[in-house]
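Participant: give the three-dimensional model of this entry:
(chains A and B)
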Protein chains: 2
Amino acid sequence: MEISQTEGILAPALTAFTDRFEIDTGRTMSHLHWLLDNGCNGVVVFGTTSEANSLSEAERTAFLDKAISSGIDPGRVLVGTGCCSLPDTVALTRQAVRLGCAGVLVLPPFYYKAVTDDGLFRYFAQLIETIADDRLRIFLYHIPPISQVPFSLGLIERLIASFSRIVVGIKDSSGDWEHTKQLIERFATSGFQIFPGSEKYLLPALQIGGKGCIAALANVCSPLLQQVYRNRQSSKASEFQAEVDRLSAIARKYPLIPALKSILAKETSEPGWRNLRPPLTPLSIEQDEELIGAW
Amino acid sequence: MEISQTEGILAPALTAFTDRFEIDTGRTMSHLHWLLDNGCNGVVVFGTTSEANSLSEAERTAFLDKAISSGIDPGRVLVGTGCCSLPDTVALTRQAVRLGCAGVLVLPPFYYKAVTDDGLFRYFAQLIETIADDRLRIFLYHIPPISQVPFSLGLIERLIASFSRIVVGIKDSSGDWEHTKQLIERFATSGFQIFPGSEKYLLPALQIGGKGCIAALANVCSPLLQQVYRNRQSSKASEFQAEVDRLSAIARKYPLIPALKSILAKETSEPGWRNLRPPLTPLSIEQDEELIGAW
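Facilitator: All right, here's what the predicted structure looks like:
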């Protein structure tokens, strides 16, 4: 059984919380459906933007079950499954494979710092051997500004060489275009799928062999991002990308996750979207008003 | 019911693993008993040195239950309970309180970076309100080189002011003596307990009002550290501290957790102690031989 590959515009979907910091399952699920109906080729359930690392394994497992039961096509879902501990990552990954999800987006174990490439390789090898399922598709999640643990080029090369049918892509949230370019030049020709983690690099990446983007801003402007993607071989694409860049600059003047939630609260007229689970906090009322005024 | 306060020498106990990276419960438990019988006033179960962040919540819960059932006095145990997610931290903390443990050592939520003091305060307030138990005693775990999320002096002050009977101490693993000194000068007089996270600062901290140390090296030289503690008001203390410093310098030439496991493997004649769970890796054979030769 071959799993469909997700390409194009992927949103790391925001998670809605109640005033008591519980997951608002209904609202979050509606958002997933809206994204898939409005410009997203796929969604990432449990990315950084989803505040996934503020959720317990039990919350993640229960939510994913409900989301797939609600009719979301698992072939359009990547599941963020990377935790600090291998057993947690194994459990979440096993569920994603069982549900037929297109793939898993896996952070490196991120508590211990200055770990070796050998240690990270063993972690992924152990994950793959424990899952032991041909359907497993792993996308590496490179986000050194937050994880503080990078995937070096040497490690990526070794993982692809050892597990070519399983380690199939990477989300590059380094924020460094030169790094994304280097990944594409070095690994894209063999079919490895590179997604910049920022909407700003969508068109530049598509033009040299990237597969799309997995970008937080897709939560609030997926139709526009889809215009860039659809028109990637036409001269119109750069106009759409310029509009993306304009919106990106507005949102990124603030802490990004609260800013996106403020925008979504406004667009859906559901103020509950402004809730974040601690340690994250909403924008101040002043920031909120300024952002909404500029958006 | 008043919980006994742990002071003096505390070891963040190493966790033994099998060759298949499973917790070796028997060996780990023997080590805990040995430490408490040989120079440790208390132990920290699930510190950084314990590779706690490479363990799942289920593994942690099961191990702690077994450890207390095996006869370890919970009044001499601090439990590391700080996870990225509040529900996980709540679950582990609730267990520690239920078992009558002396306290919990709580990391800040460490995935998201550049979070605000207000967000961290809300996280701890929510933890305390959810546990809602007068027996709860929290020691803050300040370890910015690894967590990358510090407890600022302002945040510590605010937590003490709001929860003075509950937020009772801190482990300072900044590695910066000036910082430890500042904590002691600012907060010790009110009864707040400050423990440097390095054996190197044991005597200096004791001399100005610190309560002892919670230090990785205690895994392999707790009787010596106890000599410093017992003799803290005598001139002999500095000789013992000099010997601590000598051993500390030897071990810290290597990645510390693997180095301590190599030493323990040698001292117990149990080579299995050299196992670490990925992403951590053992010392190379050459490093191991060099370290054991010098120890």
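Participant: can you give me the helices in the stretch 101-250 of chain A?
Facilitator: Using DSSP state H, counting those that start in this stretch, the helices assigned to the stretch 101-250 of chain A run over residues A:117-131, A:144-147, A:153-162, A:177-187, A:202-208, A:218-230, A:237-251.
Participant: closest to residue B:252 out of those?
Facilitator: Nearest of the helices of the stretch 101-250 of chain A to residue B:252, taken as CB to CB: helix A:117-131 at 19.1 Å. (C-beta placed from N, C-alpha, C; glycine too.)
Participant: what is that closest one packed up against?
Facilitator: Helices and strands touching helix A:117-131, by 3 or more CB pairs under 8 Å, 6 or more residues apart in numbering or on different chains; DSSP states H and E, are helix A:86-98, strand A:138-142, helix A:153-162.
Participant: what residues does the stretch 101-250 of chain A put near chain B?
Facilitator: With the criterion set to CB under 8 Å from any CB of the partner chain, the stretch 101-250 of chain A comes near chain B through A:108-116, A:118-120, A:122-123, A:126, A:145-149.
Participant: rerun that using 10 Å as the cut-off
Facilitator: With the criterion set to CB under 10 Å from any CB of the partner chain, the stretch 101-250 of chain A comes near chain B through A:107-127, A:130, A:145-149.
Participant: of those residues, keep whichever come out buried.
Facilitator: A:107-112, A:115, A:117, A:119-124, A:126-127, A:146-149 (16 or more other CB atoms under 10 Å in any protein chain shown).
Participant: okay, now the unreliable bits of the stretch 1-150 of chain A?
Facilitator: Under the criterion pLDDT under 70, the flagged ranges of the stretch 1-150 of chain A are A:1-5.
Participant: residue ranges of the strands in it, please?
Facilitator: Ranges of strands within the stretch 1-150 of chain A are A:8-12, A:42-45, A:77-80, A:103-106, A:138-142, based on DSSP state E, counting those that start in this stretch.
Participant: ok, now which ones touch residue A:73?
Facilitator: If you count contacts by CB atoms under 10 Å, 6 or more residues apart in numbering or on different chains, residue A:73 has them with A:4, A:36, A:42-43, A:100-102.
Participant: how about those residues in TSV, adding neighbour count?
Facilitator: Formatted as TSV, the entries for the contacts of residue A:73 read as follows, by neighbours: other CB atoms under 10 Å in any protein chain shown:
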residue	neighbour count
A:4	14
A:36	20
A:42	26
A:43	30
A:100	15
A:101	28
A:102	24
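Participant: quick one: which two of the residues you listed are the most distant?
Facilitator: A:36 and A:100 (15.5 Å).
Participant: quick one, what contacts residue A:83?
Facilitator: Contacts for residue A:83 (CB under 10 Å, 6+ apart) come out as A:52-53, A:57, A:60, A:89-93, A:106-107, A:109-111, B:53-54, B:56, B:83-85, B:88, B:111.
Participant: most tightly surrounded among the helices and strands packed on helix A:117-131?
Facilitator: Burial of the helices and strands packed on helix A:117-131 is given as mean neighbour count (mean count of other CB atoms under 10 Å in any protein chain shown); strand A:138-142 ranks first at a mean of 26.
Participant: partner strands of that strand, with direction?
Facilitator: Within its sheet, and counting by DSSP bridges, strand A:138-142 is paired with strand A:103-106 (parallel), strand A:167-172 (parallel).
Participant: out of those, nearest to residue B:160?
Facilitator: In terms of CB to CB, the element of those nearest to residue B:160 is strand A:103-106, at 39.1 Å.
Participant: CA atoms only: put that closest one into CSV for me.
Facilitator: What follows is strand A:103-106 as a C-alpha-only set of coordinates in CSV (Å, rounded to 0.1, in the frame of the first residue of the first chain):
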residue,chain,number,x,y,z
GLY,A,103,3.6,11.0,7.1
VAL,A,104,5.1,12.2,10.4
LEU,A,105,7.1,15.4,11.0
VAL,A,106,9.7,14.5,13.6
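Participant: distance between it and the chain's centre?
Facilitator: Counting by CA atoms, centre = their mean, to the nearest Å, strand A:103-106 is centred 9 Å from the centre of its parent chain.
Participant: one step back: which stretch among the helices of the stretch 101-250 of chain A comes nearest residue A:76?
Facilitator: Using CB to CB, the nearest of the helices of the stretch 101-250 of chain A to residue A:76 is helix A:218-230, at 12.7 Å.
Participant: that closest one packs against which elements?
Facilitator: Using 3 or more CB pairs under 10 Å, 6 or more residues apart in numbering or on different chains; DSSP states H and E, the elements in contact with helix A:218-230 are strand A:8-12, helix A:25-37, strand A:42-45, helix A:202-208, strand A:212-214, helix A:237-251, helix A:256-268.
Participant: alright, that wraps it up for me.
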